[in-house]
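**Q** Fold the following for me, if possible:
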Amino acid sequence: MNDRRSTLTLGFCLFLIGFGAFFRVLRLEFFPDFQNFAPLMAIACCGALFLPGWLAFAAPLGALCISDVMLNLHYGVAVFSLGELPRYLCFGLAVAGGIFARRWQGAALPTLGFVAANSVLFYLVTNFFCWLGEAAYPKTAAGLLQALTVGLPGWPPTWTFLRNSLVSDLLFTGLFIAAVHLASQPRRTEAALARA
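**A** Numbering: from 1, shown residues only. Predicted structure coming up:
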């Protein structure tokens, strides 16, 4: 029975990671106005928190890489570039932190806080490197503040990317926690179901 629950939990985890990664791609078609509404950090953190062994690294990072390749092909840009290294460093830190955070055993509040902190770190790191590499930003404190708040003219303000990331990461994390806890609960007997 315990093995069956473990298999069910593993299946839910892998399904949710795959769903989250491909939602990033499908969002372009169905929700084009929700820039960055994609559960990137939730995939990395929750995969590491709930998946066993090597799957804790391979599944979230693999799903993120595959969806990145699909998005880059869609936008007609290089499949991989050096500019993506800071992003993958953030994902790697989130996965490593998720493995360390397993002691919380999927408790909702610490997990949600951990995912939110990783989302903010991702936002700060990626916008810092964008500021550093984008010639349109002045290389001053004011230019960095611009990169972290309003961004460049003609593009949505960068703070909206943070807002959308946090909302999608927290929603997906809540779904992930609920699904894993439901899948790992012992099955009720027929008598208990009849009473419910």
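**Q** distance between the helix ranked longest in the chain and the chain's centre?
**A** Secondary structure of the chain per DSSP state H: the longest helix is helix 2-30. On the basis of Cα atoms, centre = their mean, to the nearest Å, helix 2-30 sits 12 Å off its chain's mean C-alpha point.
**Q** Could you pull out the buried residues of that helix?
**A** For helix 2-30, the neighbour count (16 or more other Cβ atoms under 10 Å) marks 8-10, 12-14, 16-18, 20-21, 23-25, 27 as buried. (Glycine included, C-beta is placed from N, CA and C.)
**Q** And for stretch 61-70?
**A** Quick answer for stretch 61-70 (16+ other Cβ under 10 Å): Leu61, Ala63, Leu64, Cys65, Ser67, Asp68, Met70.
**Q** dump the residue contacts of Leu28.
**A** Leu71, His74 (Cβ atoms under 8 Å, 6 or more residues apart in numbering).
**Q** hmm, try it at 7 Å
**A** Contacts for Leu28 (Cβ atoms under 7 Å, 6 or more residues apart in numbering) come out as His74.
**Q** cool, and Cys46?
**A** Thr173, Phe176.
**Q** Repeat the analysis, applying 8 Å as the threshold.
**A** Per Cβ under 8 Å, 6+ apart, neighbours of Cys46: Cys13, Leu16, Ile17, Pro60, Gly98, Thr111, Val115, Phe172, Thr173, Phe176, Ile177.
**Q** Could you check how far it is from Phe129?
**A** 25 Å (Cβ to Cβ, to the nearest Å).
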